[in-house]
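Q: Turn this into a structure:
(6 chains)
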6 protein chains.
Amino acid sequence: MPFVNIRITREGATREQKQRLIKGVTDLLVEVLGKNPATTFVIIDEVETDNWGIGGESVTELRKQ
Amino acid sequence: MPFVNIRITREGATREQKQRLIKGVTDLLVEVLGKNPATTFVIIDEVETDNWGIGGESVTELRKQ
Amino acid sequence: MPFVNIRITREGATREQKQRLIKGVTDLLVEVLGKNPATTFVIIDEVETDNWGIGGESVTELRKQ
Amino acid sequence: MPFVNIRITREGATREQKQRLIKGVTDLLVEVLGKNPATTFVIIDEVETDNWGIGGESVTELRKQ
Amino acid sequence: MPFVNIRITREGATREQKQRLIKGVTDLLVEVLGKNPATTFVIIDEVETDNWGIGGESVTELRKQ
Amino acid sequence: MPFVNIRITREGATREQKQRLIKGVTDLLVEVLGKNPATTFVIIDEVETDNWGIGGESVTELRKQ
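A: Numbers count the residues shown, from 1 in each chain, chains lettered A, B, ... in the order given. This next block holds a predicted model:
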């Protein structure tokens, strides 16, 4: 019964890409740990670039450089 | 000083329902563990159905079946 | 398919108390939002008092006052 | 390689304030623990006041009092 | 710069299995979204079975059935 | 009423260092956003190096290089 939370910046991930992430992570947990996919949850959080920082700067600023 | 994070799919929970969740969880922590409600936090995250997967599929897809 | 994360300080919550939290939160989500208990997850994190701060002080320090 | 998640209510924090939070937390981790800022992540989540509870009431209700 | 948090019950995942999870999730994010692996973080939390509930019961109880 | 979660690898942060993190983050939120320190929570999670990955490798492996 794993729970996976994927956090990415909100920069246009499509529905199809998000489905591939959900499928890929679930398959990985089945393959590596023998987990039951029926009780494997995946939540994707898309975060505004103003709200994500790395190296002390927001991604909004980093994207301008 | 408990902290509770409730994550649900964004499918129309009303303000009144969210208040009942906040009140109910807070009361539970007071009752079971004797916690102080004044420093009990509850945060509800509503997640798009495209962004929540179970069994390797998004809830958007599951809702269609 | 809700996911609930309860974070409390590690100060001796018993197995029985944790079961009551799990049961109580699950029942609340069924009652308020009509969620399916079979896919309702609850995770309890117990945090050392050195690692939890409130008002700028660790709970370890606050417990001494 | 620290990861910091700051959760605040969505009540008008500006881009400039969020940059100050990102910069301030990163500097703190460098100063206190000698962490590498290049691999220090900060994510700010802004939560609707309906979805944040304290003392068993939503912040929306508390703001009216 | 994705951040992934995988939560599983603490039931003997080996170091080698955890490495495969870290590698597999990172590769997936590179492949699906073109993310930079150098700034892709994966954190695995192993949760005691007393502290994980599903269907209103702890995993400790479910494992006995 | 902010909530801050700081995640670092478990590599010997002292109680005094953790107190400085708690104090520093709380002061930052007061200074930048005018938040009330009495309802500002900080939780520090220390994660085993086997359980933290970056660039597709665990920190345990990275520390050997």
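
Q: Quick check, residue A:53 in contact with residue D:38.
A: No. Applying CB atoms under 8 Å, one finds residue A:53 not in contact with residue D:38, separated by 11.7 Å. C-beta here means a position set from N, CA and C on the backbone, and glycine is covered the same way.

Q: which one of the two has more residues nearby?
A: Applying other CB atoms under 10 Å in any protein chain shown to residue A:53 and residue D:38 shows that residue A:53 carries more neighbours, namely 29 against 12.

Q: What sits closest to the more buried one if chain neighbours are left out?
A: In space, and not counting its chain neighbours, residue A:53 is closest to residue D:22: 3.1 Å by CB to CB, 6 or more residues apart in numbering or on different chains.

Q: Residue A:65: neighbour count?
A: Neighbour number of residue A:65 under other CB under 10 Å is 5.

Q: pLDDT value on the residue nearest to residue A:53, please?
A: As predicted, residue D:22 sits at a pLDDT of 98.

Q: With residue A:65 instead?
A: Reading off the per-residue confidence, residue A:65 sits at a pLDDT of 88.

Q: Residues contacting the top helix by length along chain A, please?
A: Taking DSSP state H as the criterion, chain A has its longest helix at helix A:15-33. Contacts to helix A:15-33, defined as CB atoms under 8 Å, 6 or more residues apart in numbering or on different chains, come from residues A:2, A:4, A:6, A:35-37, A:40, A:42, A:44, B:50-51, B:53, B:55-58, B:60-61, E:6, E:8, E:13, E:17, E:20-21, E:24-25, E:28-29, E:31-33.

Q: Next: stretch A:58-65.
A: The set of residues that contact stretch A:58-65 without belonging to it, under CB under 8 Å, 6+ apart, is A:9, A:49-55, D:15, D:18-19, D:22, E:1.

Q: any idea how far the residue nearest to residue A:53 lies from chain E?
A: To chain E, residue D:22 is 13 Å away according to CB to the nearest CB, to the nearest Å.

Q: Report how many residues lie close to that residue.
A: Burial of residue D:22 is recorded as 28 neighbouring residues (other CB under 10 Å).

Q: try residue A:40
A: Other residues lying near residue A:40 total 24 when counted by other CB under 10 Å.

Q: Now for it: which residues touch it?
A: By CB under 8 Å, 6+ apart, residue A:40 lies in contact with A:1-4, A:25-26, A:29-30, B:53-56.

Q: State whether residue A:13 is indeed within a helix.
A: No. Using DSSP: H, G, I helix; E, B strand; the rest coil, the assignment for residue A:13 is coil, not a helix.

Q: Pick out the residue of chain A closest to chain B.
A: Among the residues of chain A, residue A:22 lies closest to chain B, at 3.1 Å counting by CB to the nearest CB.

Q: Could you report the neighbour count for residue A:61?
A: Counted with other CB under 10 Å, the burial measure for residue A:61 works out to 16 neighbours.

Q: check which helix or strand covers it.
A: Assigned by DSSP states H and E, residue A:61 falls within helix A:59-64.

Q: In that helix, which residues are buried?
A: Applying a neighbour-count criterion of 16 or more other CB atoms under 10 Å in any protein chain shown, the buried positions in helix A:59-64 are A:59-61.

Q: for residue A:7, phi and psi?
A: The phi/psi pair for residue A:7 (degrees, to the nearest 10) reads phi -120, psi 120.

Q: mind listing what residue A:56 touches?
A: With contact set as CB under 8 Å, 6+ apart, residue A:56 has these partners: D:22-23, D:26-27, D:37, D:40.

Q: Just the buried positions in stretch A:27-43, please.
A: Buried residues in stretch A:27-43, defined by neighbour count with 16+ other CB under 10 Å: A:28-29, A:32-33, A:35, A:37, A:39-43.

Q: Could you identify the most distant pair in those residues?
A: Every pair in the buried residues of stretch A:27-43 was compared (CB to CB); the two farthest apart turn out to be A:32 and A:43, at 19.5 Å.

Q: who does the spatially most central residue of chain A bridge with?
A: Residue closest to the average C-alpha location in chain A (CA atoms, centre = their mean): residue A:6, at 2.7 Å. When bridges are called by DSSP bridges, residue A:6 pairs up with residue A:44, residue E:4.
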